[in-house]
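Undergrad: Test case, fold it:
(chains A and B)
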2 protein chains.
Amino acid sequence: MTEEVVKDFPTVGVIGGGQLARMMAQAAIGLGVNLRLLSTDPSDSAALVISDVWIGAHDDEQAVLDFIEGVDVVTFDHEHVPPELLAKVIEAGVPVRPGPDALINAQDKIVMRQTLSDAGIPCPRWRAIQPGTDLPTAVDQCRAFGDQVGWPIIMKTSRGGYDGRGVWVADSSVVAREVMEENPLVPPAAWLLEEKVDFTAELAAQIARSPHGQAVTYPVVRTVQQDGICKEVVAPAPGIDEATAIAAQQIALRVAQVVGVTGMLAVELFQTPEGVLVNELAMRPHNSGHWTIDGSVTSQFENHLRAVLDLPLGSSAALAPLCVMVNVLGTEKGDLYAAYRHVMARDPHIKVHMYGKTARPGRKLGHVTALGSDLPSLLERGHHAADYLAGVIDE
Amino acid sequence: MTEEVVKDFPTVGVIGGGQLARMMAQAAIGLGVNLRLLSTDPSDSAALVISDVWIGAHDDEQAVLDFIEGVDVVTFDHEHVPPELLAKVIEAGVPVRPGPDALINAQDKIVMRQTLSDAGIPCPRWRAIQPGTDLPTAVDQCRAFGDQVGWPIIMKTSRGGYDGRGVWVADSSVVAREVMEENPLVPPAAWLLEEKVDFTAELAAQIARSPHGQAVTYPVVRTVQQDGICKEVVAPAPGIDEATAIAAQQIALRVAQVVGVTGMLAVELFQTPEGVLVNELAMRPHNSGHWTIDGSVTSQFENHLRAVLDLPLGSSAALAPLCVMVNVLGTEKGDLYAAYRHVMARDPHIKVHMYGKTARPGRKLGHVTALGSDLPSLLERGHHAADYLAGVIDE
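TA: The predicted model follows:
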């Protein structure tokens, strides 16, 4: 940990030591801005590579208030900092970007659904079960909702879920009862019911937005999930018409304005024959934008920093006709580095990004990126490299 | 400073805390390899952004030997580590890349001239004055050399010069005497005399070369110096024919082989009507290759790390038809960050890289990069951004 800072250059405080903060660090080095990290463990992905690391929990009030001393703006690796703690940071005179009023829409899925529905932004049909509702009443509400929108339905915890956690599919009220019995929620978390959308593809629209309201849209991408975890991203989304891409970007711009986000916003969308519907929001750099490190003039990480510093935003133009990103999802295989020789020798054009994390099944350990113009070839190369690194394949 | 390392991933020890080590850190984050830095001061450019920093001098034997404990390979931000100390590092079982036998050609310009001349690689005509030669004899040798190759001649100290330091132009033996009187050299440093080449352009050819002999050539670039300091780089070099570009790359490959370099090699060349001549060598990432961060599939910093780790090398393909890099050279203006708003608003496509250094006249504080296809526009944009950041212009 060093106390040195560069004269005149601001210090961005990042709460959370995951790979998003790690990749922000790469961008910060280029911009010359100082990064200070609050991380729970010195072995966290970002803590390994940032010089100014403070160890502490994101919900430890004293740790956070100590951390912000001398910081010019606070931003995040994740959305889990309690809103009331963020209010105290603001009270102490340090801007929080995105602010708690925006962030609540990424922290609480019921708040998000209500905000978007009120603004007329297309969402799947949904229903919230009030916290504290007794089980029989809750089951009745599930049954009524399922009978209305059609079974199966999606059940989500309003808070704390990510990468497929906190999401269940219930094909009957019996299953819905089991889900609620087995997963008791602590208020303010509540159950959110959603119709199961019969989508043709999952898309994501990302924008960067600065405090003074400048916004930059990134090309709309297609995402593919595996067990609820992002596995593959293609930019721009293949097989969608221009009207769909524009609709997705307009939704993202509208969401950003309605929730008042600062920094990167990712809007995950379902593409359906009737149009696009909002699935989830993230208010930070997002897995659907990792391709921008290698594939865009300005990465989502750089634009996130520029946005939270209220600097003019950089171009989101793509550097190649197509870019494919594939996540390296952990398996039982421990020695990731052993795969480098094969992956790099096979494909000198592939870009490897590893996050310094220990392998664990399903864990996001890194990603690979390939730029070009031939989609089948890019997909083959991306998946081969990612799967070889993960240890899924060995040839 | 953290002691955490990621299982199975190697640790590269970098000696020297300048901006080259800083930009290596960006590449190391992506590759997931651990970087340990030996830096003289905690406020050095690279020391500001690397977590595992050891403070010590590059020529302090104990500091270096302590530093290499647990390091898998040693490489450099600069060429100033004494060869005898590198021999001790190797003796201690840690590979040094590039090795001292190669590095001596970047440390001592007379050794370099001798090695290249012996190999038949085209150089300007040159003559070394033996260390310890008395002044009248040395002046006689200057006079004889100048009369032979034509005045003025170039006088260089064989060791320790960089960015225009350690280089003089003498248009007579009287001036040559003054230069030698005013700059007494300590052996093994000696005077190297070179003809002043009437070049049409300065070029640079970069290659990455790995221990097992794989080499990747980067596009040949055109460089423009200002007071002996690199100011502008255009990739690929405009206005040279294919034969010249190939000749330059072949010279770089031949130099790499002759000196046995591992890692990045930059060969600075004079273009003349009679062909290209080698000016200087650098055995590390080099200013002429900073464009590769934004403009190439694999940056020189990533390929340097891949080479010293004996990993397969990455593609050096350019991402745009043309790339212009312009250095931000310091002036009296102190507040660099104040210029960000204007520079970024004026040109959302420009890439800004700042090195965390305090402004000082002539100091390399950062660089900017612009990708595209219209050279005059790229040059205008690059120079405007760099000069505005430096404080040379204010509109």
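Undergrad: Wait, A:A21 touches A:A27, no?
TA: No. A:A21 is beyond contact range of A:A27, at 10.7 Å (criterion: Cβ atoms under 8 Å). Where C-beta positions appear, they are placed from N, C-alpha and C, glycine not excepted.
Undergrad: What's the local residue count around the residue of the stretch 101-250 of chain A at minimum distance from chain B?
TA: Using Cβ to the nearest Cβ, the single residue of the stretch 101-250 of chain A nearest to chain B is A:V216, 7.7 Å away. The local packing of A:V216 (other Cβ atoms under 10 Å in any protein chain shown) involves 21 other residues.
Undergrad: My guess is it contacts A:Q206. True?
TA: No. Look at A:V216 against A:Q206 with Cβ under 8 Å: they stay out of range, at 9.2 Å.
Undergrad: got the buried residues for the one helix or strand A:M344 maps to?
TA: Taking DSSP states H and E as the definition, A:M344 sits inside helix A:340-346. Of all the residues in helix A:340-346, those buried under the rule 16 or more other Cβ atoms under 10 Å in any protein chain shown are A:Y340, A:H342, A:V343, A:M344.
Undergrad: List the contacts of the last one.
TA: Taking Cβ atoms under 8 Å, 6 or more residues apart in numbering or on different chains as the definition of contact, the neighbours of A:M344 are A:I350, A:V352, B:R306, B:L311, B:P312, B:L313, B:G314.
Undergrad: Of the residues you listed, which belong to strands?
TA: The strands, defined by DSSP state E, take in A:V352 from those.
Undergrad: Of the contacts of A:M344, just say which sits nearest to A:K88.
TA: A:V352 (40.5 Å; Cβ to Cβ).
Undergrad: pull the longest helix from chain A.
TA: Secondary structure of chain A per DSSP state H: the longest helix is helix A:242-259.
Undergrad: that older thread, same drill for A:A21 and A:A27, tell me which one is more crowded.
TA: Between A:A21 and A:A27, counting by other Cβ under 10 Å, A:A21 is the more crowded of the two (30 against 22).
Undergrad: Against A:V308, how distant is the more buried one?
TA: According to Cβ to Cβ, to the nearest Å, A:A21 and A:V308 sit 13 Å apart.
Undergrad: same check, this time on A:D374
TA: From A:D374 to A:V308 the distance is 37 Å (Cβ to Cβ).
Undergrad: Between those two, which has more neighbouring residues?
TA: Comparing A:D374 with A:V308 by other Cβ under 10 Å, the one with more neighbours is A:V308, at 30 against 12.
Undergrad: My guess is that one contacts A:V12. True?
TA: Yes. In this structure, A:V308 is within contact of A:V12 by Cβ under 8 Å, at 6.4 Å.
Undergrad: Tally up the residues packed near A:Q62, please.
TA: By other Cβ under 10 Å, neighbour count at A:Q62 equals 9.
Undergrad: before we move on, the earlier item: look up the residues that both of A:V308 and A:V12 are in contact with.
TA: Counting by Cβ under 8 Å, 6+ apart, the shared contacts of A:V308 and A:V12 are A:V73, A:T75.
Undergrad: Spell out which parts of the stretch 151-300 of chain A neighbour chain B.
TA: Within the stretch 151-300 of chain A, the positions near chain B by Cβ under 8 Å from any Cβ of the partner chain are A:V216, A:I293, A:V297, A:T298.
Undergrad: Among those, which lie within strands?
TA: Using DSSP E, these in strands are A:V216.
Undergrad: Just the buried ones among the residues of the stretch 151-300 of chain A next to chain B, please.
TA: A:V216, A:I293, A:V297, A:T298.
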